[in-house]
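1. After the sequence you'll find the predicted model.
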Amino acid sequence: MEHILEGVKGAFKLILSLDREIYSIVLLSIYVSFASTIISAIIGVPLGLLTGIKDFRGKTILSKIYYTAMGLPPVVVGLVTVLIISRSGPLGSVGLIYTPIAMIIAQSLLVTPIVTGIVFTNSKDRGKEIIEICKTLGANRKHTFIKLIKELKPLILVATVTGFGRAISEVGAVMIVGGNIKGHTRVMTTFIALSNSMGNYDTSIAMGIILLSISFIANSFLYNRTMGENNGYKIRKY
Amino acid sequence: MGIKLENIKKTYNGKAVLNVDKLIIKESIITGILGPNGSGKTTMMKIISDLLNSDSGSISYDGQNFDYIKDNITYVSHNSYLFNDTVYENIAAPLKFREMEKDYINNRVLELINMFKIDYLMNENAHNLSGGERQKVSLARALAFKPNILLIDEPTANIDPNFIKLIEETLKTINKRLKTTIIVVTHNTAQSFRLCDEIIFIKDGKVLKHKDKNYFKNPKNEFIKEFVRLN
């Protein structure tokens, strides 16, 4: 118990000391996770919407593929990415292995199915309903599209923030493709794993606290956007 | 003249849910659609409102292709989706889709809000409303652009008994004043007698009877007689 308390005390000291290494790791984590979330949202939101709203042959199989991809094991994704970008792989000449870009690619592969799956599942019924009502009210394609995005905005935000949460907490894939190189590809999760194995509990706990704080901020943003004034969840006053 | 349905067929999973050889729904009157659950009433409404494609057949209006009037048809179900916005914005939506003048939109929305006595809800988010309130807003929104054809599925399903009369009177007034063709699906035969001029009775996807409402007050068909007695 004592070493845990010591660890917490040391963690706060470390956070307040503005340690350069700690903060560069935090910034790299945010950069990699943010970039992969943006890429995943750009691909996943339209893909999920389009396949969710449209009826076509093979939709059931596609939904099964989405759900399977949502639970892809990170180490497998890491391994596949390494095989592609390693020096002997098809994209070896680009020299991406053990770089932040490799980590962004691996995280994008993990997060895109999550964003796509969430948007797909939730837009299946709701999206169709919105399109139908727009049609009965005489909306053209442009107006229907604007309404669809506006009405599904909370869902798109949920999918994106969930994706960001997955990206920032991911360890297996970034460890494999990034190599956890100090000052270059070391991110919060790989730092925690390394510190923990070396018995440096204070630095592990410090990073854990920062990781949780980032997650809290992201979810608070989501809460404010989806549970705010004009979103339909407000409790009636009478 | 009116809406003419010819050889309209619709099947789901191999089962025929609608099979109409020929049906003419007169314009500028209120027509009720009666029938047991699963008889094809909603399917027919959705096909007329272009929300569903029929497997075969055609629909025309006043002898012309139905496409030219499609922008002037609207369909309201008892659980129509309301936009995640204020009641005012919901009612204004079809007018904004048509890029009407701001002043006209404001006047028309306020007129409908007064008509349905929902002024106290004007700035409420539509997702916070009760079932009955939602239904009134859906109806007000559908009427905003003064459609030529109004299709309503169970117009008073969730409405407080005190307001049923208001809804029925509003529909009758709109029909008289604007000559709107109104087609109403209802389970309530008493309501169809109060509201409609003609009634279409559907059973197993087929039109069993299409007559003046007075016929249904004392029908000769045993099935319809039993249906009217129970509903």
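-> All right, it came through fine.
2. quick one: contacts for A:G89?
-> A:G89 sits next to A:82-83 when contact means C-beta atoms under 8 Å, 6 or more residues apart in numbering or on different chains. Heads up, the C-betas are built off the backbone N, CA and C, glycines and all.
3. How about A:K182, nearest residue that isn't a chain neighbour?
-> Spatial nearest neighbour of A:K182, excluding adjacent residues (C-beta to C-beta, 6 or more residues apart in numbering or on different chains): A:E21 at 7.9 Å.
4. tell me what whatever helix or strand the one you found lives in is packed against?
-> A:E21 is part of helix A:20-53 when elements are defined by DSSP states H and E. Packing contacts for helix A:20-53, counted by 3 or more C-beta pairs under 8 Å, 6 or more residues apart in numbering or on different chains; DSSP states H and E, involve helix A:100-136, helix A:153-168, helix A:188-197, helix A:201-226.
5. Just the buried residues of the first one, please?
-> Buried positions in helix A:100-136, judged by neighbour count with 16 or more other C-beta atoms under 10 Å in any protein chain shown: A:100-124, A:126-128, A:130-136.
6. can you tell me the residue of chain B closest to chain A?
-> Of all residues in chain B, B:H127 sits closest to chain A, at 2.8 Å by C-beta to the nearest C-beta.
7. Would you confirm that that residue belongs to a helix?
-> Yes - residue assignment for B:H127, taken from DSSP: H, G, I helix; E, B strand; the rest coil, places it within a helix.
8. quick one: it from A:L155, how far?
-> Distance from B:H127 to A:L155, counting by C-beta to C-beta, to the nearest Å: 14 Å.
9. Pick out whichever of the two has more residues nearby.
-> In this comparison of B:H127 against A:L155, neighbours counted by other C-beta atoms under 10 Å in any protein chain shown, the higher total goes to A:L155 at 20 against 16.
10. Give the helix, strand or coil label for B:L51.
-> Following three-state DSSP, B:L51 is assigned to coil.
11. now swap in B:E99 and tell me
-> Assignment for B:E99 (three-state DSSP): coil.
12. Burial check on it, number of neighbours?
-> B:E99: 9 surrounding residues under other C-beta under 10 Å.
13. okay, it: pLDDT?
-> Among the per-residue scores, B:E99 holds a pLDDT of 93.
14. Would you list the phi and psi of it?
-> In this entry, B:E99 is assigned phi and psi values of phi 50, psi 50 (degrees, to the nearest 10).
15. For it, give its distance to B:N175.
-> Between B:E99 and B:N175 the computed distance is 27 Å (C-beta to C-beta).
16. Going along the chain, name the strands of chain B.
-> Listed from the start of the chain, chain B has strands (DSSP state E) covering B:2-12, B:15-26, B:30-34, B:56-61, B:64-65, B:73-76, B:149-153, B:181-185, B:198-203, B:206-212.
17. Tabulate these in a markdown table, adding columns for distance to B:V228.
-> Converted to a markdown table, these look like this (distance: least, C-beta to C-beta, whole Å):
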| stretch | distance to B:V228 |
| --- | --- |
| strand B:2-12 | 24 |
| strand B:15-26 | 21 |
| strand B:30-34 | 8 |
| strand B:56-61 | 28 |
| strand B:64-65 | 36 |
| strand B:73-76 | 25 |
| strand B:149-153 | 20 |
| strand B:181-185 | 16 |
| strand B:198-203 | 9 |
| strand B:206-212 | 11 |
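18. Having no further points to raise, I will conclude here.
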